[in-house]
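Q: show me how the following folds:
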Amino acid sequence: MEPTLSKPEGAEQPFLQPSPVRVLVQTLTHLVPSDGLETSGNNAHLDKLTSMLNRICRYHWNCDFDPSIFRWNTYGDEFGYSNRRCFFLFDYGSSTNDDEVPILSYEWAGESLKPRPELLQLKEVQAELKQMPFTEPPPGPYKRDPVREIVRIRLRKDMKIPDRELKYMKEHLEDMEWLERKVKPRFWSNFLAQIESQPKEKEEGEERKKLGDV
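A: Residues are numbered from 1 along each chain as shown. Next comes the predicted model:
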């Protein structure tokens, strides 16, 4: 049964009252719901993100998540682990003074969102919020992490690894050895399973393409 979400008393849809606001939600990784919305690519991480983002939007604005309206960020979203704290941060609207934007904080315990204003008093939360300003600064020079580090992060987050990254890893034995040393055995098994599934997925995709051309 899907958790029953209630709308805050007096809350309006963002289209009616476009007041800037930040919404911070704390939860544990194993409590983040999965509604099976993202069926393509077997991406459990993306499905959990979408499911949680929808719940937050329904609670506050009575609508599903729309990336063209809301800005969002996460911290600690390593869904490959259980019982780890993670955070979802929502930003809506614009402001000439970030210090004046109200911050509403909640906790998701698996069934509903509960107000937790004391979260904003935690020094670690204050530090992270300063690293994620409401008004986004101009983008700086882009620096891409090494592929092996990106793959390690994806495994910890229970994400599907893109084919190009799997191909790179297979072609670089030293990075494969590094990854095996750096991740837990279950993540390594997941990585090997994704490599082994590559030819099968490619064949199935080509077969579907052929059938579509008939």
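
Q: I'd like the distance between the residue nearest to the spatial centre of the chain and E149.
A: When Cα atoms, centre = their mean is applied to the chain, the residue found nearest the centroid is L49 (4.3 Å). Distance, L49 to E149, by Cβ to Cβ, to the nearest Å: 21 Å. C-betas here are computed from N, CA, C, even on glycine.

Q: which residues of the protein score low on pLDDT?
A: Within the chain, the stretches with pLDDT under 70 are 1-18, 38-42, 138-140, 142, 200-214.

Q: quick one: the helices in it?
A: Applying DSSP state H to the chain gives helices spanning 44-61, 123-131, 147-156, 163-171, 173-182, 185-213.

Q: next, count neighbours for P185.
A: P185 has 8 neighbouring residues, counting by other Cβ atoms under 10 Å.

Q: same check, this time on D163
A: 13.

Q: and if you look at G76?
A: Look at G76: counted by other Cβ under 10 Å, it has 17 neighbours.

Q: residues in contact with the nearest residue to it once chain neighbours are set aside?
A: The shortest distance from G76 to any non-neighbouring residue, by Cβ to Cβ, 6 or more residues apart in numbering, is to C86 (3.7 Å). Listed by Cβ atoms under 8 Å, 6 or more residues apart in numbering, the contact partners of C86 are Q26, T27, L28, T29, V32, T74, Y75, G76, D77, E78.

Q: show me what contacts the fourth one?
A: The contact partners of T29, taken as Cβ under 8 Å, 6+ apart, are G76, D77, E78, F79, Y81, S82, N83, R84, R85, C86.

Q: could you pick out the buried ones from those residues?
A: G76, D77, E78, F79, Y81, C86 (16 or more other Cβ atoms under 10 Å).

Q: could you dump these to JSON lines with distance to P102?
A: Output for the buried ones among the contacts of T29, formatted as JSON lines (distance: Cβ to Cβ, whole Å):
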{"residue": "G76", "distance to P102": "23"}
{"residue": "D77", "distance to P102": "24"}
{"residue": "E78", "distance to P102": "29"}
{"residue": "F79", "distance to P102": "29"}
{"residue": "Y81", "distance to P102": "32"}
{"residue": "C86", "distance to P102": "22"}
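
Q: could you chop the protein up by domain?
A: 21-131, 147-199 (automatic domain parsing).

Q: tabulate those domains (CSV), appending distance to P141.
A: Formatted as CSV, the domains of the chain follow (distance: least, Cβ to Cβ, whole Å):
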stretch, distance to P141
domain 21-131, 18
domain 147-199, 18
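
Q: one step back: so which of the buried ones among the contacts of T29 are in strands?
A: Counting by DSSP state E, the part of these found in strands is C86.

Q: now, which of the buried ones among the contacts of T29 sits nearest R156?
A: R156 lies nearest to E78 out of these, by Cβ to Cβ, at 4.4 Å.

Q: got the phi and psi for the closest residue to R85 other than its chain neighbours?
A: Distances taken as Cβ to Cβ, 6+ apart put G76 closest to R85, at 5.7 Å, once the chain neighbours are dropped. Backbone torsions of G76, given as degrees, to the nearest 10, read phi 80, psi 20.
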